[in-house]
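Engineer: Let's see this in three dimensions:
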Amino acid sequence: MATNCLFCNLRTFDYYQTLKLFENKHFFAIFDPHPVSPGHALIIPKKHSVSLLDLNKEQWNYLKPSISATIKIIERIDFKGLYIQMIDDKPTKKSSSFCKKMLLNPNINKKPEGYNIGNNEGKVAGRTIHHLHIQIIPRYKGDVKNPTGGIRTIIPELGDYKS
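Structural biologist: Prediction:
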């Protein structure tokens, strides 16, 4: 455990119980307090790890069931109730702002139709908290104008490889 790591200490925060989705021997999952899509979640190793490559074989074996369990829970959640509760818990002012935006999202009452599952592996790739966390981002038909290329659109001019 890294004492100054947000994710190593997250389970001690008062609002953790609102965010928590799932837990097993090696991972826990939370709803992202700064969601980009209704149901946005993070899967986080309990043991401080920075990279996917830091995981041992046993942790790898727990990762796939963690992803599956998290998605099953996301598909059953009342997002509106979740974000109202997250706002009431007030983890941060910025988090409340993100959750208020989710309440206005046209997909708030829909079941996800797809997912982007990924990891920002390194600071240059966008990682801001240096503790491994797998992003589970639910996707909805029409949530972006052209979803072709999916995560490839991080570099917009190269995202749509079909044109």
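
Engineer: and the closest residue to residue 26 other than its chain neighbours, helix, strand or coil?
Structural biologist: Distances taken as CB to CB, 6 or more residues apart in numbering put residue 62 closest to residue 26, at 4.3 Å, once the chain neighbours are dropped. Backbone N, C-alpha and C define where each C-beta goes, glycine included. Under the three-state scheme (DSSP: H, G, I helix; E, B strand; the rest coil), residue 62 adopts helix.

Engineer: Contacts only, for residue 62.
Structural biologist: Listed by CB atoms under 8 Å, 6 or more residues apart in numbering, the contact partners of residue 62 are 24, 25, 26, 27.

Engineer: so residue 83 sits right up against residue 102, yeah?
Structural biologist: Yes - the pair residue 83 and residue 102 qualifies as a contact (CB atoms under 8 Å) at a distance of 4.8 Å.

Engineer: quick one, helices of this protein?
Structural biologist: 6-9, 16-19, 57-74, 79-89, 93-103, 156-159 (DSSP state H).

Engineer: Minimum distance to residue 36: which of the ones you listed has it?
Structural biologist: Judged by CB to CB, the one of those that comes nearest to residue 36 is helix 93-103, at 8.1 Å.

Engineer: And the contacts of the closest one?
Structural biologist: Outside helix 93-103, the residues within contact range by CB under 8 Å, 6+ apart are 33, 34, 35, 38, 79, 80, 83, 84, 86, 87, 90, 108.
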